[in-house]
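> Quick one: sequence and predicted model below, then my questions.
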Amino acid sequence: MLKSVLWEILLAIALFAALAALLRFGKKRLSHRLRPGAARVLAGVLGAIEIFAFTYGALWFLQDMVVFNPSHSPSSWEQMAALPDYEAIELTAGKNTRHGLLHRGAAGESPLVLFFYANGHNASQLMQYMENAGVWGYFNDYHCLVMDYAGYGPNDGRPSAKTLCEEALAAYDFAAALPGVTRVIVGGYSIGTGPAAFLAARREPAGLFLLAPYANSFDLYNGVLPIFYGPLRLFVKHRFYSDRSARAVGVPALVVASRSDEVIPYASSQKLSACFEESTLITLHGASHNAVLFDRRTLESIKAYLDALACA
């Protein structure tokens, strides 16, 4: 993955250098044939084009490192896969083999939570956090499956909005076919709410809960750098449209968001919640973005939501 990124950076530098040389050549040739005023206008226009090209190229290639932050944690993978309640999972998604971890929370037939994590997590690391934090006590009656994204954990490839969404469908189909699984509830956190919402609009899960979600990628990007408005929306490379997906989701949704989230604007989570036909918005106060997942209020809200689904 690193090799391909370096090649892309080198290609971008080469293309920009070629464009800059072409613009300077054109400016030199044309300036001799124009009046001084027209030559200055031409120089300004060509300079603006050069700045735009450089900015576009830089943002296009740098956003991979901002939106996705692949982690691998081979030691935690080995530790978690060796524990008695955990099972290493492999599934085929298109031409790729994808890896994940299944935690069996109950014996016999039980529902399963298919969860999509944040951009800095991976399956084994997240499961380790949950194990150490005693999170499973909230969900004793549920299995939980977490699949790693492309480029995360043991997986090869590079993550993108397209691959996350496509592989989310494969993960759901795999989970729904597992022996002993009575129904599948989909959950997502941060960047993972994009593929979770996409999936829920195209399959029939028993429920959907989203933690610190964004309405779309434009809100997500603007939460980091608030410049992606109007024509600058063209700079957005990885596009999730959770607000569009929400309108096609056929189950009640739970949305948990914090007014203190410094990454995902609370207003974007609020906007997304309003797009569902039926949803409950739980608002946290004082929880940072990274604190939302394991906040006691979040865990209790998810448990109450799952209990309500079980009684429906």
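Okay, I see it. Residues are numbered from 1 along each chain as shown.
> those strands in the protein, which residues are they?
Assigned by DSSP state E, the strands in the chain fall at 86-93, 96-103, 110-116, 143-147, 181-189, 207-211, 253-258, 279-284.
> Can I get the first one as PDB, trimmed to CA atoms?
Read that as strand 86-93. Provided in PDB are the C-alpha atoms of strand 86-93 (Å, rounded to 0.1, in the frame of the first residue of the first chain):
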ATOM      1  CA  TYR A  86     -13.400 -15.200  19.500                       C
ATOM      2  CA  GLU A  87     -13.100 -16.600  16.000                       C
ATOM      3  CA  ALA A  88     -11.000 -15.400  13.100                       C
ATOM      4  CA  ILE A  89     -13.200 -14.900  10.000                       C
ATOM      5  CA  GLU A  90     -12.300 -14.900   6.300                       C
ATOM      6  CA  LEU A  91     -14.800 -14.000   3.600                       C
ATOM      7  CA  THR A  92     -14.600 -13.300  -0.100                       C
ATOM      8  CA  ALA A  93     -15.500  -9.800  -1.300                       C
END
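> Apart from its neighbours in sequence, what residue is nearest the most centrally placed residue in the chain?
The centroid of the chain falls nearest to residue 191 when counting by C-alpha atoms, centre = their mean (2.6 Å). Leaving aside its sequence neighbours, residue 191 sits nearest to residue 119 (C-beta to C-beta, 6 or more residues apart in numbering; 4.4 Å). Backbone N, C-alpha and C define where each C-beta goes, glycine included.
> Please report the distance of the one you found from residue 186.
18 Å (C-beta to C-beta, to the nearest Å).
> who has more neighbours, those two?
Neighbour totals were compared for residue 119 and residue 186, and residue 186 leads with 31 against 18 (other C-beta atoms under 10 Å).
> Now for the residue nearest to the centre of the chain: which residues touch it?
Residue 191 makes contact with 67, 68, 118, 119, 164, 220, according to C-beta atoms under 8 Å, 6 or more residues apart in numbering.
> Among those residues, which has the minimum pLDDT value?
On pLDDT alone, residue 67 ranks lowest of those, at 83.
> does that residue really touch residue 240, like I thought?
No: with contact defined as C-beta atoms under 8 Å, residue 67 does not reach residue 240; the gap is 9.8 Å.
> list the residues that contact both of those two?
residue 220.
> can you count the residues close to residue 296?
Residue 296: 9 neighbours (other C-beta under 10 Å).
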